[in-house]
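> Provided below for reference: sequence and predicted model.
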Amino acid sequence: MIEFVLNGYKHSYDGDPEISLLKYLRNIAKITSVKDGCSGQAYCNDCLTEINQKPQLSCITPLKKLNGAQITTVEGIPQKLRDIIVNAFLIEGAVQCGYCTPAMILRTKILLENNPDPAIVEIRKAFKNHLCRCTGYLAIIAAVKRAALALKKQKSISLPYSGKIGQSLPKYDAYEKAIGASPFVDDLSFEGLLAGALKFSDFPRARILSINIDEAKKYPGVVAVFTADDIPGERFNGLIIDDWPVMVAKGESTCYIGDVLAGVVAENEDSAREAVNLIQVEYEELPALTDMETAETSSIKVHSGGNLLDSCKIKRGKPVDEIFQQAPFVVEQKFETQRIEHAFLETEAAIALPYDEGIRIYSQSQGVYEDRKQIARILGLSIDQIQVILIPTGGGFGGKEDLTVQHHAALFTFLTNRPVKIHLNREESLIMHPKRHPFRMNYQLACDKKGNFQALRVKILGDSGAYASVGMKVLQRAAGHASGAYYIPNVDIEAKAVYTNNLPCGAMRGFGVNQVTFAMEGSIDQLCKKGKFDRFQIRYQNALDKGLC
Ligand code: FES
């Protein structure tokens, strides 16, 4: 028997002594303010607890080490002290999605108890392992400073909001988020909730010769195992083009390593994941197309319609060739940007429940109406039979626009008539959801002797990866913004998106504009070097203004 005090209450536990404190807190004690952002890799610090007055990560602390321990989570901080810290965070705007915030509040408490007047460098050091993808650390440092000052003066912090017109209001739900009382999807629990886990492809491109689910079905706790054959409606879906299969069927080829081949539903997540490992897939591995330029001309076709997803051209003014021949200063340069992961701290999760004559889904998506439409088609139900409830997301940045696990959870509920949750671990999240497009760009820019831009020619190639997502729109946006914030009378721009067997690419903050801005600004700097122009002045004199377009 392991006994400890948690937030002032005695707890006794005689189960598996190896389970982590994080699992105990979330699954048994139902304290969900401690978050699982890195799947037990001790990397994000979202699962921070205070154990015997010391900060400790609960994901790497087995329960067997906690006999006699005093454990505190954000719920155990005395109300008055907690209000001071939380209100300091609210006033400084240090709470955004809130996924990381309960751990930050607890860290602040531990820091200020040990060092009531920390210097900025000491605050930075205390928070150096806390990952936050939304807020920005300056606001967090300011909040810690504000809380320290209030505690030093023994004053409370009240929120300076009167509700009068012209005054900012506190961010909606921010207090609840800060103390972990506003649930994310993985924090919700329902009677009889089953767990789903997915079998992903072992190869980016391979023909599926067979899928054997017999051993997985026999694993203790397993309720059912499903493959593509079990999908009642449309198997392919997508935000714009229906090219993404819910599950790849026997006889078909995979397009990337995030393709799903089968799914297990079990009494708990551990059993579901163990059973997934027992699914045997026979593959014929095929050469994968991993280079976007090769994809343009390759005989390997990612999809039967060819590898060109979309192309877009924008021309204005005179033919640019003539201008380049005559202009006194011309630069030409290639630019390349990389695929970028959103790294939202809350990985994907969805819960589906039988509901009336259909299915209800709790989704963290950035587009619940799109979820609803697509899930109805996949299940062969009318849209009225699908209800999607938006649960605030723990960071998205564009990476949660496409369906990831919502449709799998809905399908498994539809087939079992039981509530099902699917929660991706960090590794699965990384391989499954779309990223920022890598671009290869060729820029040619000309100006006259005074530095006035004369002509721009741009060719952009974007790697959309295995599926379309919103790739065509990203490249269209890139083309539209390729000349930056500048007036250029003659332009010739072409943007293409191609399919490859890489991870799909889709929406991410900036939506294609970041990449071309990097190239455009780089080209201007090259022109400045060549023509000895001032880097500010050339931008100022060429900037768009009223009446110019
Ligand atoms: Fe920190 Fe969103 S507020 S991860």
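Structure's in. What do you need?
> Need the pLDDT of the closest residue to Glu75 other than its chain neighbours.
Once flanking residues are discounted, Glu75 sits nearest to Asn7: 5.3 Å by C-beta to C-beta, 6 or more residues apart in numbering. From N, CA and C alone the C-beta is placed, and that goes for glycine too. Here the pLDDT value assigned to Asn7 is 98.
> Return the residues in contact with Gln41.
59, 426 (C-beta atoms under 8 Å, 6 or more residues apart in numbering).
> ugh, wrong one, I meant Asp202
Residues in contact with Asp202, defined by C-beta under 8 Å, 6+ apart, are 257, 281, 283.
> ok, back up a step: test my guess that the residue nearest to Glu75 contacts Pro78.
No. Between Asn7 and Pro78 there is no contact under C-beta atoms under 8 Å: 10.7 Å.
> Show me which of the two is the more surrounded one.
Asn7 (17 against 10; other C-beta atoms under 10 Å).
> near the ligand, which residues of the stretch 201-350 of the chain show up?
Leu345 (C-beta under 6 Å from any ligand atom).
> if you go through the stretch 201-350 of the chain in chain order, where are the helices?
214-218, 269-276, 292-297, 320-326 (DSSP state H, counting those that start in this stretch).
> low-confidence ranges in the stretch 1-150 of the chain?
Low-confidence segments of the stretch 1-150 of the chain (pLDDT under 70): none present.
> What residues does it have near the ligand?
96-101, 132-135.
> rerun at 5 Å
Applying C-beta under 5 Å from any ligand atom, we find that the stretch 1-150 of the chain lies next to the ligand at 96-97, 99-100, 132-135.
> got the CA coordinates for stretch 226-238 in PDB?
The C-alpha trace of stretch 226-238 is given here as PDB (Å, rounded to 0.1, in the frame of the first residue of the first chain):
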ATOM      1  CA  PHE A 226     -11.800  -2.200 -37.300                       C
ATOM      2  CA  THR A 227     -10.400  -1.800 -40.800                       C
ATOM      3  CA  ALA A 228     -11.500   0.100 -43.900                       C
ATOM      4  CA  ASP A 229     -14.000  -2.600 -44.700                       C
ATOM      5  CA  ASP A 230     -16.100  -1.400 -41.700                       C
ATOM      6  CA  ILE A 231     -16.600   2.200 -42.900                       C
ATOM      7  CA  PRO A 232     -20.300   2.600 -43.800                       C
ATOM      8  CA  GLY A 233     -20.100   5.700 -46.000                       C
ATOM      9  CA  GLU A 234     -17.500   7.700 -48.000                       C
ATOM     10  CA  ARG A 235     -14.000   6.500 -47.100                       C
ATOM     11  CA  PHE A 236     -12.200   9.500 -48.600                       C
ATOM     12  CA  ASN A 237     -12.400  13.000 -47.100                       C
ATOM     13  CA  GLY A 238     -10.700  16.400 -47.100                       C
END
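> Any chance you could list what contacts that stretch?
211, 213, 242-250, 261-265, 374, 376-381, 402-403, 407, 411-412, 414-415, 467-469.
> What subset of those is buried?
211, 213, 243-248, 261-265, 374, 376-379, 381, 402-403, 407, 411-412, 414-415, 467-469 (16 or more other C-beta atoms under 10 Å).
> still on that earlier bit, could you report the separation of the residue nearest to Glu75 from Arg82?
12 Å (C-beta to C-beta, to the nearest Å).
> Ok, Asn514 next?
Relative to Arg82, and taking C-beta to C-beta, Asn514 is found at 39 Å.
> what's the answer for Ala29, then?
19 Å.
> what sits against the residue nearest to Glu75?
Contacts of Asn7 (C-beta under 8 Å, 6+ apart): 31, 71-73, 75-76.
> Please narrow these to those residing in helices.
Among the contacts of Asn7, no member is found in helices (DSSP state H).
> Turn those residues into CSV, including neighbour count.
Shown next, in CSV, are the contacts of Asn7 (neighbours: other C-beta atoms under 10 Å):
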residue, neighbour count
Ile31, 23
Ile71, 24
Thr72, 19
Thr73, 26
Glu75, 19
Gly76, 19
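> Adding distance to Val420, write those residues out as JSON lines.
Shown next, in JSON lines, are the contacts of Asn7 (distance: C-beta to C-beta, whole Å):
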{"residue": "Ile31", "distance to Val420": "23"}
{"residue": "Ile71", "distance to Val420": "31"}
{"residue": "Thr72", "distance to Val420": "34"}
{"residue": "Thr73", "distance to Val420": "28"}
{"residue": "Glu75", "distance to Val420": "28"}
{"residue": "Gly76", "distance to Val420": "33"}
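> I'm done for today, thanks for sticking with me.
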